[in-house]
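1. Predicted model and sequence follow; I will ask about them next.
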Amino acid sequence: MDHHHTANPSHAATPTCWTVVVPGPFFGGFTYHFDLDAGPAPGVRVRVPFGQSERVAVVIEPASAEGEQETRPILEVLDEAPLLDDRTLACLRWAAAYYHHPLGEVVFAALPKALRGERRLEVEALVSTPAGRAALEVGEAKGERQREALSRLVASAGPAPVAKLGPAAVRRRLVEKGWAEPTRMTAPAEWSVPVEPGSEAAPALNAEQQGAVDAIVSAGEGFRAWLLHGVTGSGKTEVYLALIERELAAGRQVLVVVPEISLTPQLIDRFARRLSVRPAVLHSGLADGERLAAWRAVAAGTAGLVIGTRSAAFVPLARPGLIVVDEEHDAALKQQEGFLYHARDVLVWRARQLAIPILLGSATPSLESLRHAWDGRYGHLRLTERASGATMPAIHCLDVRGQTMVAGLSPALLRAIERHLLAGGQVMLYLNRRGYAPSLVCHACGFVAGCPHCDAFLTWHRQIGRLRCHHCGFEQGVPADCPSCQAPLSVRGMGTEQLEDVLAARFPGFGIVRLDRDATAGKGVMADSLARIARGEARLVVGTQMLVKGHDFPGVTLVGVVNADQALFASDFRGPERFAQSLLQVAGRAGRAERPGEVLVQTHDPEHPVLRRLLSEDYEAVMAAQLVEREQAELPPTRFAGLIRADAPQADAARGFLAGIADQLRERFGDELAVWGPVPAPLARRAGRYRFQLLLLAQVRSTLHRALWAVDDSVGSRRLGGRLRWSIDVDPIDLA
DNA sequence: AGCACGCCGACT
DNA sequence: GTCGGCGTGCTC
Ligand SMILES: [Zn+2]
Ligand SMILES: [Zn+2]
């Protein structure tokens, strides 16, 4: 904090060499030298010459000076203290290796945007002089405001930021009188306490909740992973709160990670009401400055509680005590672009490294976590009762075979909707397909409106009068009639827009709200819609996946799942798992104590084993059966999977690239490694590119990684033809 | 990733 | 004759 690292040749000592990383596709680091004896350290940003230009880099570790290659100099040290501590750096190095992603990309992804450039964490400051301290002591400072500023400056025992020392005019007098000198300092990472402490009393925990808390507490400090499997409404959050309170009281930090930004406000509210802390929040909705302040407060340890989305998984923790991952089954915890990490898995690794407990909560845990719990590697905590006393809604199948459907709704479902509306209940219809209709077809010649860039149909968005591709963003006007035979076009299939129209016409006067990406795009629309539902102004709710996430609708007494088959027969091997999770999550939104809910599931296959097991047994039974199937099919989580994707403007380029890799791996690894493919990706042509993939499955994690390193090596040293793009996905969440 | 160098089409 | 297209190669 006291020396600046500008050139000072008289001070030149042993040149030190440092390995640094820059963002970009570089698997190794780069070595630079620095001629002063102090300055760079692991986790510090530096400015370095790079090719013809300059870059900001992050120092990783000292390097041996005698490289075979000439080094270039570090031009400037940008931080006085490391931004990333050694343990966080170690985690980032592990993650880069585990996910086969360049370390520079990983390190920079872990920094808040505001720190990815050259911006220094410095502010203007004043520091008191001996004359100033004497002046204060003898009461020489006459002016009220000068005396106040000076005493505050002296009290700070070092430099203080100008922002804390009153107006500029007052500060200038202090300098003019020789009582203070201008300087610069690292802005302190401050985090205020709430104006009014949380006042809400904790409700008494029920026996199961208390049992969960006791189990974790009595396990003591040190690493242990816990799966908290609590049905919707069982009060998982109260368990989190009880544990968070303990940790904060003990002076340790708690990191809470949720899959969706939309889940943060409710959680923040709840925490703020109950705990006398101001949670630091880390998500992409924040301005860069806000996010920087929160990030620094966490890293410095001034903020005790952090709530964040996926990227918060890498925030440095100064005094870690507990990690909580809520909705741990949610696929949104896995990044889907670029650095393909899974926040839950990274956090389990971090918890082990930091030697602290980690709590994974869900009403519908992932098969991965359930398996760890069944095998005893994770503690298994179950909350089976709804804390409110409400019963879980009853789930029934509606066999729609041979039924006359109206807008995708069977007569039985329509009758049920009417019955619940007349009884004063709210009705929620879940249809995971936005738009008016998923396709426009010509019954005369068989034409279907398709995307020119993808193997996909165009969805008709009637409100905006456009046909849209949901995979590449292509859109066009709606043709008046069939482009190939001029016959009139008709709609096929059902989207939320159409469902909303049909229901509004059929049940007028009940008020209807649609919740999907299109309907809630505007700022504040989502909150508005939720409020309309909460006030009971809207008695009908139509929506997609969005209904499944987080928000509770206690007035809802009927949930209709319009098309279960869509998920039940999805081609992905996780289809049945996803289906069970979505169904229970959407069911859990409904009902409260005095009005038990009802869930009706429309399907063409009421005998489907997943469906039957879900109705007659429970979630764990479904998942246990899934595990048997995965074992037989030699799929995750009983095997370790890596997916290599490639795409190119010509199909042969992508397929050939993967075929070459497949041959090499089969030859080298034989029976140790199953190599599936190359096969066309589920959406084989997307945005004008042909997509193929190669799935690798190994019984032993290290085999998978050896194979993936072999791929890195052989591709890295080979000339890649033209516009071929490829990537590695470790632990792929879906094969799409 | 960015940024240079390098070798072929249509512009002043 | 040049301006600029993006193929190819490199960055300590
Ligand atoms: Zn036609
Ligand atoms: Zn498309």
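-> Arrived safely, thanks for sending. Ligands and ions are numbered 1, 2, ... in the order given.
2. Point me to the residue of the stretch 501-650 of chain A nearest ligand 1.
-> As assessed by C-beta to the ion, ligand 1 sits closest to A:Asp501 within the stretch 501-650 of chain A, at 25.1 Å. Where you see a C-beta, it was placed from the backbone N, CA and C, and this is true even at glycine.
3. Buried by neighbour count: which residues of the helix or strand encompassing that residue qualify?
-> Per DSSP states H and E, A:Asp501 falls inside helix A:496-506. Across helix A:496-506, burial judged by 16 or more other C-beta atoms under 10 Å covers A:496-504.
4. got it, and stretch A:333-341?
-> For stretch A:333-341, burial by neighbour count (16+ other C-beta under 10 Å) applies to A:333-335, A:339-341.
5. and the two most separated of those residues?
-> The span of those, defined through C-beta to C-beta, is set by A:Leu333 and A:Phe339 at 13.5 Å.
6. so what sits against both of the two?
-> Common contact partners of A:Leu333 and A:Phe339 (C-beta atoms under 8 Å, 6 or more residues apart in numbering): none.
7. Name the nearest of the buried residues of stretch A:333-341 relative to A:Ala131.
-> When the buried residues of stretch A:333-341 are ranked by distance to A:Ala131 (C-beta to C-beta), A:Phe339 comes first, at 53.9 Å.
8. show me what contacts the closest one?
-> A:Phe339 makes contact with A:99, A:101, A:105-106, A:109 under the criterion C-beta under 8 Å, 6+ apart.
9. Could you measure from it over to A:Gly104?
-> Going from A:Phe339 to A:Gly104 by C-beta to C-beta, to the nearest Å gives 11 Å.
10. Could you export the helix or strand harbouring A:Val348 as PDB, CA atoms only?
-> Element membership of A:Val348, judged by DSSP H and E, is helix A:343-354. The C-alpha coordinates for helix A:343-354 follow below in PDB (Å, rounded to 0.1, in the frame of the first residue of the first chain):
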ATOM      1  CA  ALA A 343     -21.700 -24.600 -10.500                       C
ATOM      2  CA  ARG A 344     -22.800 -27.400  -8.100                       C
ATOM      3  CA  ASP A 345     -19.900 -29.600  -9.000                       C
ATOM      4  CA  VAL A 346     -17.400 -26.700  -8.700                       C
ATOM      5  CA  LEU A 347     -18.800 -25.900  -5.300                       C
ATOM      6  CA  VAL A 348     -18.600 -29.400  -4.000                       C
ATOM      7  CA  TRP A 349     -14.900 -29.300  -5.000                       C
ATOM      8  CA  ARG A 350     -14.400 -26.000  -3.300                       C
ATOM      9  CA  ALA A 351     -16.200 -27.100  -0.100                       C
ATOM     10  CA  ARG A 352     -13.700 -30.000   0.100                       C
ATOM     11  CA  GLN A 353     -10.800 -27.700  -0.600                       C
ATOM     12  CA  LEU A 354     -12.000 -25.200   2.000                       C
END
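11. mind listing what the helix or strand just after it pairs with, with the direction of each?
-> Helices and strands here follow DSSP H and E; after helix A:343-354, the next one along the chain is strand A:357-362. Paired with strand A:357-362 in the same sheet, following DSSP bridges, are strand A:224-230 (parallel), strand A:320-326 (parallel).
12. Leaving out chain neighbours, which residue sits closest to A:Trp226?
-> Nearest residue to A:Trp226, sequence neighbours excluded (C-beta to C-beta, 6 or more residues apart in numbering): A:Gly379, at 4.2 Å.
13. check contacts around the one you found.
-> Counting by C-beta under 8 Å, 6+ apart, the residues that A:Gly379 touches are A:215-216, A:219, A:224-227, A:373.
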